[in-house]
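A.B. asks: Fold the following and give me the result.
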Amino acid sequence: MKLVDNRGMLKRVLLQQISYAEYKAYKGFDPYDVRDSWLWGKILHLERKNKFVGKVFSNIFRVIEHLFPFGLRRFLHVSPSLNYKSLGLFIMTYINIYKMGLISKETLWLKSKDILSILLSDNHAQQGLGWGYPFTWYSYKTIPCCTPSAIVTVTIGESILRLYELLGYDQLLDIAVHISEFMLSDLNRFYDEDGDICFSYTPIDDYQVHNVNLLLSAYLAELGRLINDNYLVDIAARAARFSIKQQNKDGSIFYWSRQQNYRNPNHLDLYHSGFEIRALYRLSKMFPWIKSSLEQYIEFYITSFWKKGHVWFSPKSRYPVDVHALSEAVNCISSIDEGWRYKNYADIALMDLFDALFSPVKGNFMWRVIKVGPILYRSDIEFMRWGTAWVSKAISEYLVRYYSNINSEEAIS
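C.D. replies: Below you'll find the predicted structure:
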């Protein structure tokens, strides 16, 4: 599909996504909502008793959730929910739409203020401000619904910082400071032999995950700079060093720390690598010593995930072709590409996103294409956080980066 030079089409699709999200009051299904069910709980219980049998049933469940996503949710009585991470993404999308001249500064503030009122009325943190997912997260440890999560909170936090930089309202800076209080007080910290820091994923786990650690580091560094707080800047530098010291020779950074790499050895995927690169890019603005690590990782990213004219989900496989992963590829490249050195890579990711997952009839983007043997199957369900929110952020970031002078009478109110 030849669309990357058709900015008018991209803009219309972007506004279509925003209109859909607003019509749904930002509520929707999520890939992980079906895991918060009695059926998945029984499968996990079975897996603990008999690993082989449990694995068989868990694989059957995964096939069903791809082939019959709506039927499975009806059977399990899963309803659309409000995912707070998507709200942070939508605020950043509104900021980009404002930069494109499609809404006024007043409209930007009104829409953002509506979202903030939702967030501030439902704080999940013990100290400061923090938010979690609207479902129980079954990982190596069970994370109950609404447990404040670093990744959810830091996404919202970044949107608050971007909004403050644009509008300068003191109340936004106050919210940003309260968010940092959650990060510094509620999250667990792990120290290496040099005293450098890795933050946990939630207050109740011991996970050492590099993309979250780097995003928290970037947030604390930017906030510390804004409020002239050297303590925050120092904590940020120590968290950044923890992860950068574990960068591989090829430039990549695995999902888990070296201490916990046994959980999923040497795991790399398109979107978590994108998170790490965007965090390093933000950190490099304050810490020049990070720039070489950033450049190494970018080189790995574009040579390992862009292959044979497409963007791959992992260095070893193109599949699944996933809406979140491709959106983050567009978002990542567009966010960091100051000199337009990598626009072609963003174009390829954008074309894959539209060609494989866009439904012209529905006007939305579907979940993913999976490959079972020689057969390709598209899972035709749209997700608010995983799809609509990330697609909106990606397209708006692309348009602001490469077509910053875009303007149109099709402004939204």
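
A.B. asks: From one end of stretch 138-154 to the other, what's the distance?
C.D. replies: Its first and final residues considered, stretch 138-154 spans 21 Å by CA to CA, to the nearest Å.

A.B. asks: Likewise for stretch 377-388?
C.D. replies: Per CA to CA, the first residue of stretch 377-388 is 20 Å away from its last.

A.B. asks: Sheet-wise, list the partners of the helix or strand of the chain with the lowest mean pLDDT with their directions.
C.D. replies: Taking all helices and strands of the chain together, the one with the lowest average confidence (mean pLDDT, DSSP states H and E) is strand 137-138, at a mean of 87. In the sheet containing strand 137-138, the strands it pairs with under DSSP bridges are strand 142-143 (antiparallel).

A.B. asks: per the record, what domains does the chain have?
C.D. replies: Following automatic domain parsing, the chain resolves into domains at 7-30+84-402, 37-77.

A.B. asks: all strands of the stretch 251-400 of the chain, in order?
C.D. replies: 306-307, 310-311, 321-322, 358-359, 364-365, 368-372, 375-379 (DSSP state E, counting those that start in this stretch).

A.B. asks: Now tabulate those strands in TSV and tack on distance to residue 46.
C.D. replies: From N, CA and C alone the C-beta is placed, and that goes for glycine too. What follows is these, written out as TSV (distance: least, CB to CB, whole Å):
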stretch	distance to residue 46
strand 306-307	38
strand 310-311	36
strand 321-322	27
strand 358-359	36
strand 364-365	34
strand 368-372	23
strand 375-379	25
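
A.B. asks: thinking again about what came up before, of the domains of the chain, which stretch is the most buried?
C.D. replies: Neighbour counts averaged per stretch over the domains of the chain are highest for domain 7-30+84-402, at a mean of 19; criterion: mean count of other CB atoms under 10 Å.

A.B. asks: distance between the ends of that one?
C.D. replies: Using CA to CA, one end of domain 7-30+84-402 lies 10 Å from the other.

A.B. asks: Output the below-cut-off pLDDT ranges for the protein.
C.D. replies: Residues of the chain that meet the criterion pLDDT under 70 lie in 1-5, 405-413.

A.B. asks: ok, now with 90
C.D. replies: Within the chain, the set of residues satisfying pLDDT under 90 comprises 1-8, 41, 44-45, 47-48, 51, 137-141, 361-362, 372-373, 403-413.

A.B. asks: Work out the gap between stretch 243-252 and the centre of the chain.
C.D. replies: 21 Å (CA atoms, centre = their mean, to the nearest Å).
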